[in-house]
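# Sequence below, structure please.
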Amino acid sequence: MPTGREIVELLDVSGGGPSRFQGRQPTRSTLDKLYGGQLFAQAAAAARLTVPRDRRLHTVQALCLEAGDHGAPVDYHVERVRDGRSFSARAVVATQGDREVVRLTASFHVPEPGLSHATPVPSVALPETLPTIQEVVRDLGDLPPEPWEQEWAGLDVRYVVTPRTGRRHPGPGRQQIWIRVVDRLPDDPDLHRLVVTYLSDITLLNASLVPHGLVLGAPDLPRATLNHAVWLHDDARADEWLLVDQVSPRATGARGLASAEVFTADGRHVASFVQEGLIRPRGPLRHTLGVS
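Numbering: from 1, shown residues only. Below you'll find the model as predicted:
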C-alpha cells in the first residue's frame, strides 16, 4: 500500500443490503494473491457496520479456505449471530464469485471497567535506529527486494534484531519488529482497530522460519495463512510506533505456529495475534533444510 489513505479506502466496505458488503482491491499490487490482513480487516469492517456504535471490536478469528486474487472484488456476507447486553457476535463469509476464501467470526464489546494486568513491554532499541524491512530483504533475503519496496511503501517496518541468514538453531523462533502506517490516519479508534487487524498478518509467519536460518522466506518456500486470530485489548494508533514481539514455539507437518504481543511506544500492551500457516519447502530447499 503506497499510502495510508489507500488503506483507509480499502477498509471502507460498501453496502449491498443489510448483511451484504463488498470490499475493493488495491489499485496496484505486486503480490500473487490477496494479502490476508486485507481480507481479515475488510471482513471485520463489514461486521462492524451491523453492530451498535457503542461496541468496540475486540477479537477476530479467521479460517482461510482459498487464496484470493486481484481480479475481482470480495463480497462479505455477515450473519448476526447474537446481540447481548454487552457483546455482539458476527460470522462473516468472504467470497469471490462462487469461491469461499475466508470464514471469520468477530466479537464486539461495550467498554467497561474490570480487572487489569498485562505482559510488560520488552526492552528494545528505538525504531529510528533500526534497519527497515526493505533493507533486510535487500541485504539478507533470498527474495527480490523490489516487491517489498513497492508493496509496503506505506508502512514503516523496522527489525529490532537483524535476522541471521543460514544460521540454524533448535528451539523456538523469535523476531521483533516496530511497525506503523507512515501517513497520519483519521482520529477514529474503531478505524485504528481495523488497521491493527490489517497489519497483524505482516511477518508473523516468518517467526517460524527463524530457527531454520531463513529470512522472510525463499523462492522455493510457498507460505500461506491457514488460520489467524487477533485480540484487541486496548485502543492504539496504527500511525504511531507499535512493537510486535513474535514467537514461534513449534513447526511441524509443513505448518508453523506463531504468536505475537503488541505494545505501544509508551509500553501499553494493546493486542495479541496468533497464526498457523503453511510452510512447505520444495525442490532443492527441501534437501538443504533436511526435509525428507
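# rest of the way, CA atoms for contacts and neighbours
OK.
# Okay, now the unreliable bits of this structure?
Scanning the chain for pLDDT under 70 picks out the ranges 1-2, 141, 162-166, 217, 292.
# Would you map the helices across the stretch 51-200 of the chain?
Ranges of helices in the stretch 51-200 of the chain, per DSSP state H, counting those that start in this stretch, are 133-140, 145-151, 189-199.
# Would you mind giving those helices as CSV with distance to Leu115 and mean neighbour count added?
Conversion of these to CSV gives the following (distance: least, C-alpha to C-alpha, whole Å; neighbours: other C-alpha atoms under 10 Å):
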stretch, distance to Leu115, mean neighbour count
helix 133-140, 37, 18
helix 145-151, 41, 15
helix 189-199, 22, 22
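# Who are the contact partners of Arg24?
By C-alpha atoms under 8 Å, 6 or more residues apart in numbering, Arg24 lies in contact with Leu10, Val13, Pro73, Val74.
# so how far is Pro113 from it?
Arg24 is 37 Å from Pro113, where distance means C-alpha to C-alpha, to the nearest Å.
# Please apply the same query to His228.
His228 is 28 Å from Pro113, by C-alpha to C-alpha.
# what about these two, which has more around it?
Neighbours were counted for His228 and for Pro113 using other C-alpha atoms under 10 Å; His228 has more, 24 against 5.
# surely the more buried one meets Leu278?
No: the criterion here is C-alpha atoms under 8 Å, and His228 misses it with Leu278 at 11.9 Å.
# so what sits against both of the two?
Counting by C-alpha under 8 Å, 6+ apart, His228 and Leu278 have no common neighbour.
# ok, now which ones touch Phe143?
Rather than Phe, residue 143 is Leu. Each residue near Leu143 by C-alpha under 8 Å, 6+ apart is listed here: Val137, Leu216, Gly217, Ala218, Pro219.
# what about it, distance to Ser272?
28 Å.
# Give me the three-state assignment for Arg286.
Following DSSP: H, G, I helix; E, B strand; the rest coil, we place Arg286 in the helix state.
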